[in-house]
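S.K.: How does the following fold in three dimensions:
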Amino acid sequence: MSLFRSIGRQWDKSAFADKIAKKLQSHREICALFVGATSIETVANLVSAFTYDEAQKPLEQNLNDAMMLQLLFDSFRQLIGKQIDLGELSQAEHLIVQATKVYADIVELEEDSEALTRVVEQVRSLSKQLEALQKYQRNQHRSMVVNRY
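M.R.: Predicted coordinates for the structure are as follows:
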């Protein structure tokens, strides 16, 4: 019986990822990020894996801009932890970071709510901190490479 539940959960995650991909594709600015080898579907699957919560029944809810920003932000925060721990992100993970920044700008222009404003501010603040961390890690790596020779 648990096998069937597990398959059902994976199916639901896949359907949720499809909703995420369609929502991302509805914004031209987001689509512009996907010119390389990584597709929107790949990023949507990652966001779904990071954020899917069966208890919230996300498949029954309409995925509006505020919810989409929250999903991206939740994924973004997890990726900051990965960057701190492991020092690198995959291309799809970098695209989640970029999409979160772009989506924050889109939502800020379209919707006016205190909660969204706080999320947008957090995205901007964490983005600056992440960029500083990445710059520091690049410099550390360069120093190690230069000192080897």
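
S.K.: Just the buried positions in stretch 19-38, please.
M.R.: Within stretch 19-38, the residues that count as buried by 16 or more other Cβ atoms under 10 Å are 19, 20, 21, 23, 24, 27, 30, 33, 34, 38. Any C-beta I mention is one placed from the backbone N, CA and C, and that applies to glycine too.

S.K.: Closest one of the residues you listed to residue 48?
M.R.: residue 20 (5.9 Å; Cβ to Cβ).

S.K.: now that closest one: how far from residue 121?
M.R.: 23 Å (Cβ to Cβ, to the nearest Å).

S.K.: Give me the contacts around stretch 41-54.
M.R.: With contact meaning Cβ atoms under 8 Å, 6 or more residues apart in numbering, stretch 41-54 is reached by 9, 12-14, 16-18, 20-21, 24, 34, 58, 71-72, 74-75, 78, 92-93, 95-96, 99.

S.K.: which of those count as buried?
M.R.: Judged by neighbour count, with 16+ other Cβ under 10 Å as the criterion, the buried members of those are 12-13, 16-17, 20-21, 24, 34, 58, 71-72, 75, 78, 92-93, 95-96, 99.

S.K.: The protein: helices as residue ranges?
M.R.: 2-25, 28-31, 40-51, 65-86, 91-110, 114-148 (DSSP state H).

S.K.: Now do the longest one: distance to the chain's middle.
M.R.: The reference is to helix 114-148. From the chain centre to the centre of helix 114-148 is a distance of 15 Å (Cα atoms, centre = their mean, to the nearest Å).

S.K.: now do the first one
M.R.: Centroid separation between helix 2-25 and its chain, computed with Cα atoms, centre = their mean, is 16 Å.

S.K.: From the rest of the structure, what touches that helix?
M.R.: 30-31, 40-41, 43-45, 47-49, 52, 54, 58-59, 63, 68, 71, 99.

S.K.: same question, the shortest one
M.R.: Outside of helix 28-31, the residues within contact range by Cβ under 8 Å, 6+ apart are 24, 25, 40, 99, 102, 103, 105, 106.

S.K.: what about the fourth one, distance to residue 72?
M.R.: Using Cβ to Cβ, one gets 6 Å for the distance from residue 99 to residue 72.

S.K.: any common contacting residues for those two?
M.R.: Common neighbours of residue 99 and residue 72, using Cβ under 8 Å, 6+ apart, do not exist here.
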